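**Q** sequence first, then the predicted structure:
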Amino acid sequence: MGMIKEFKEFAMRGNVMDMAVGIVIGAAFGGIVKSFVADVIMPPIGILTGGVDFSDIVVTLKEATVNAEGKAVEAVTMNVGVFANTVINFVIIAFAIFMVIKVMNNMKKKEEEKPAEPKAPPKEEVLLEEIRDILKAKG
């Protein structure tokens, strides 16, 4: 029973829960970015490149054949277009994360730069100034 209790304490720590929420949100964000790249960015790029769909760009290493038993053997291809889409997804996600961190760092910096309230001078200093002023007044 000790191990279950220890695991429960571990799983309920704030850091673990924050990480779990971050992973779920990150996965959802990845889906949004994937759709953004595939459905918004790549169609205009495809038009600019003459109607080429990037996901269809492949380098065929070995053509499809029919083996001795009469079964079709699929072609061996490198899916360069799919890789390009993935790279664009990564760049967009990395840039978005960079911007979020930059905003957070700026907010943190502004918080640190807030001027501290001036400290009251020590009591001894105030007393010495009062004594000095009294002595000057007596002359």
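**A** Received the coordinates, thanks.
**Q** going forward, measure contacts between C-alpha atoms and count neighbours the same way
**A** Fine.
**Q** where does the spatially most central residue of the chain land in three-state SS?
**A** Geometric centre of the chain, nearest residue: Ile97, 2.7 Å, by CA atoms, centre = their mean. The three-state label given to Ile97 by DSSP: H, G, I helix; E, B strand; the rest coil is helix.
**Q** over to Ile134?
**A** Looking at Ile134 with three-state DSSP, the answer is helix.
**Q** which residue ranges of this protein form strands?
**A** Taking DSSP state E, the strands of the chain run over residues 59-62, 65-66, 72-73, 76-78.
**Q** burial of the residue nearest to Val76 when sequence neighbours are not counted, as a residue count?
**A** Distance criterion CA to CA, 6 or more residues apart in numbering; nearest residue to Val76, sequence neighbours excluded, is Lys62 at 5.0 Å. Lys62 has 10 neighbouring residues, counting by other CA atoms under 10 Å.
**Q** would you check how far apart Lys62 and Pro115 are?
**A** 69 Å (CA to CA, to the nearest Å).
**Q** same question for Val21.
**A** Applying CA to CA, the value for Val21 to Pro115 is 35 Å.
**Q** of these two, who's got more company?
**A** Using other CA under 10 Å, the more surrounded residue of Val21 and Pro115 is Val21, with 12 against 8.
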